[in-house]
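Enquirer: With the sequence up front, the predicted model follows.
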Amino acid sequence: MTAQQKLKEKTSQKLHICVGLDTDIKKIPANLQKSRDAILDFNKAVIEATIHDAAAYKINFAFYETFGSMGFDLIEQTIDFIGNKVLIIA
């Protein structure tokens, strides 16, 4: 399914929300910060809470670039978790 088809499908369901994944480690709830995978765990929680209402997810590369190669791994893992039925903007 192309990006345009994904967006058209979601908007036909009256879903117009684009969820930004600008995950800042300092703003993650304290209970999640203890995890080695705090950012990924937080992203998964946001995605699970919004997947039925979101037309798209926007991953802000600038937040992840600060972590070097680990940041790019986080982006890849987040994209894998979202799957292919929702538009991903990066």
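Expert: Looks like it arrived, so ask away. Everything numeric here is computed off the predicted structure, so don't read it as measured data.

Enquirer: all contacts plus neighbour counts: C-alpha atoms, from now on.
Expert: Will do.

Enquirer: distance of residue 44 from residue 59?
Expert: To residue 59, residue 44 is 13 Å away according to C-alpha to C-alpha, to the nearest Å.

Enquirer: what about the two, which has more around it?
Expert: More neighbours surround residue 59 than the other of residue 44 and residue 59, with 19 against 16 (other C-alpha atoms under 10 Å).

Enquirer: for the more buried one, phi and psi?
Expert: phi -100, psi 120 (degrees, to the nearest 10).

Enquirer: got it, and residue 43?
Expert: phi -60, psi -40.

Enquirer: How many neighbouring residues does residue 57 have?
Expert: Residue 57 has 21 nearby residues by other C-alpha under 10 Å.

Enquirer: Over to the one 4 residues further on?
Expert: Neighbouring residues of residue 61 were enumerated by other C-alpha under 10 Å; the total is 15.

Enquirer: One more: the one 4 residues further on?
Expert: Burial measure for residue 65: 14 neighbouring residues, criterion other C-alpha under 10 Å.

Enquirer: give the contact list for it.
Expert: Listed by C-alpha atoms under 8 Å, 6 or more residues apart in numbering, the contact set of residue 65 reads 71-72.

Enquirer: backbone phi and psi for it, please?
Expert: phi -60, psi -30.

Enquirer: So for it, what's the pLDDT?
Expert: We have a pLDDT of 90 for residue 65.

Enquirer: Below-threshold pLDDT in this structure: ranges please.
Expert: For the chain, applying pLDDT under 70 flags the ranges 3.
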